[in-house]
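>>> Give me a 3D structure for the following:
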Amino acid sequence: MKKIVISTGGGDAPGLNAVIYAVVKSAYRRGWEIYGSKSGYKGLLDPEELIRLTPEKIEDIMPLGGTILGSTNKGNPFAMPVENLAGEVQIRDLSDRVMQNFKRMGFFCHIAVGGDGSLEIAHRFAVEKDMPVIGVPKTIDNDLQATQRTFGFDTAVSTATEALDKLHSTAKSHDRVMVVEVMGRDSGWIALNSGISGGADAILIPEIPFDIEKVCDKLNDNDLHEKHYGIVVVAEGAKAKGMNEALHKEKNEAGRQEVLLGGIGEWVAKQIKGCTGKDTRSLVLGHLQRGGSPTTFDRLLALRFGGAAVRMAEQENFDHMVALSTPDMVPVPLAEAIKARKKVPVDSDKLMTAREIGICFGD
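Numbers count the residues shown, from 1 in each chain. Sure thing, here's the model as predicted:
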């Protein structure tokens, strides 16, 4: 009997449980066993953290947000933070232990569900350790170049759009400008889609460095049309022209400085208040965008990813990622999948539509 192990790594996203559901159901139809590794590779580092997944155990998980396996974005076995007897944290390579447990448990395939970071680790296992790996793309940011869409994105956009709809009424009641910071890292997909759908006055995205004075001009222009409030959507990775340094940095486990996104919404709100004199507030939607039940679109997309991953395992099409290429699910080499992030094209139809209906991008 063939045995598969599945892991979910990186940030959580609506639809992860639907992927697990599809993998388990599809595997059992083939007479295979399926195990889940808790918190990324934790189950492969310690087999006691492996969960036997059966159709009975996953029967009701499809509409649930999050992941029943847990997730982590600090679980790279090639650089795992380990505390020694002196209480000091050291970075160790535990990849060989992962492979020993993988072989000892008799797994023939690892289905790794994650974003670019998790998929890069999976690819490294495939190349350096000869692990049979199949990747499933997961990110609410929709920034993986090799697939047209990732599950979780539609839910995140729906959450952000619903928030913008509600903010219109309170902003209008107080003649107030509301600055809403959304996720997306270095890509503006969530900000663009929710901002257009949610009737924003300005959308600030990483792909277009913005001039804060032009944003203020747009908000002041609202007064000439008897609109005395405003909605500004800011992607967490957006930067003003000349803003080269990130607002926040922190040390990672290895002691190196890394960028910590967040805070740009508050900065924009302060600038707008100083420039226009308008009562301006900032709101960070944050992890609200990751939570909740997946939309119908994301649920179906996640099921398709899971089913396709098992088909690829059956064909032994390893070191590949499942990708959506409408209307099909196709295999893409992991090396290609992680090579570049997908950015918003500045000449896209969506941007042109936004400009034509009067939305400002600060350029």
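
>>> quick check, A160 in a strand?
No - according to DSSP: H, G, I helix; E, B strand; the rest coil, the state of A160 is helix, so it is not within a strand.

>>> Next one: it from I61, what distance?
Using C-beta to C-beta, to the nearest Å, one gets 25 Å for the distance from A160 to I61. (C-beta placed from N, C-alpha, C; glycine too.)

>>> more neighbours, those two?
Summary of the neighbour comparison: A160 and I61, criterion other C-beta atoms under 10 Å, with A160 having more neighbours (25 against 17).

>>> show me the residues around R92 that make contact.
The contact partners of R92, by C-beta atoms under 8 Å, 6 or more residues apart in numbering, come to A79, M80, V82.

>>> List the beta-bridge partners for the closest residue in space to the first one that isn't next to it in sequence.
Closest residue in space to A79, ignoring its immediate chain neighbours: I91 at 5.1 Å, by C-beta to C-beta, 6 or more residues apart in numbering. Using DSSP bridges, the beta-bridge partners of I91 come out as P81.

>>> wait, doesn't I91 sit right on P77?
No - contact between I91 and P77 fails when scored by C-beta atoms under 8 Å: they sit 11.2 Å apart.

>>> more neighbours, those two?
The neighbour count for I91 versus P77, taken as other C-beta under 10 Å, is higher for P77 (22 against 14).

>>> Can you show me the strands along the stretch 201-350 of the chain?
In order along the chain, the stretch 201-350 of the chain carries the following strands (DSSP state E, counting those that start in this stretch): 202-204, 230-235, 249-251, 257-259, 280-284, 320-325, 328-333.

>>> what residues are up against the spatially most central residue of the chain?
Closest to where the C-alpha atoms of the chain average out (C-alpha atoms, centre = their mean) is T139, at 2.7 Å. By C-beta under 8 Å, 6+ apart, the contact set of T139 is G10, G11, A13, G115, D116, T150, G152, F153.

>>> swap in K270?
Neighbouring residues of K270 by C-beta under 8 Å, 6+ apart: T280.

>>> what pLDDT does it get?
On pLDDT, K270 comes in at 95.

>>> again with R341
The predicted local distance difference test score for R341 is 89.

>>> burial of the residue nearest to it when sequence neighbours are not counted, as a residue count?
Beyond its immediate neighbours in the sequence, the residue positioned closest to R341 (C-beta to C-beta, 6+ apart) is D143, lying 4.6 Å away. Using other C-beta under 10 Å, D143 has 24 neighbouring residues.

>>> The one 5 residues further on too?
With neighbours defined by other C-beta under 10 Å, the count for Q148 comes to 12.

>>> Please apply the same query to N84.
Using other C-beta under 10 Å, N84 is surrounded by 9 other residues.

>>> Over to I190?
Neighbouring residues of I190 were enumerated by other C-beta under 10 Å; the total is 28.

>>> Could you do R149 as well?
17.

>>> now swap in G358 and tell me
Per other C-beta under 10 Å, the neighbour tally for G358 reads 12.

>>> picking that back up, neighbour-wise, give me the winner out of the contacts of T139.
When those are compared by neighbour count (other C-beta under 10 Å), A13 ends up highest, at 31 neighbours.

>>> quick check, it in a strand?
No - under three-state DSSP, A13 sits outside any strand and is assigned coil.

>>> tell me the contacts of P333?
The contact partners of P333, taken as C-beta under 8 Å, 6+ apart, are D319, H320, M321.
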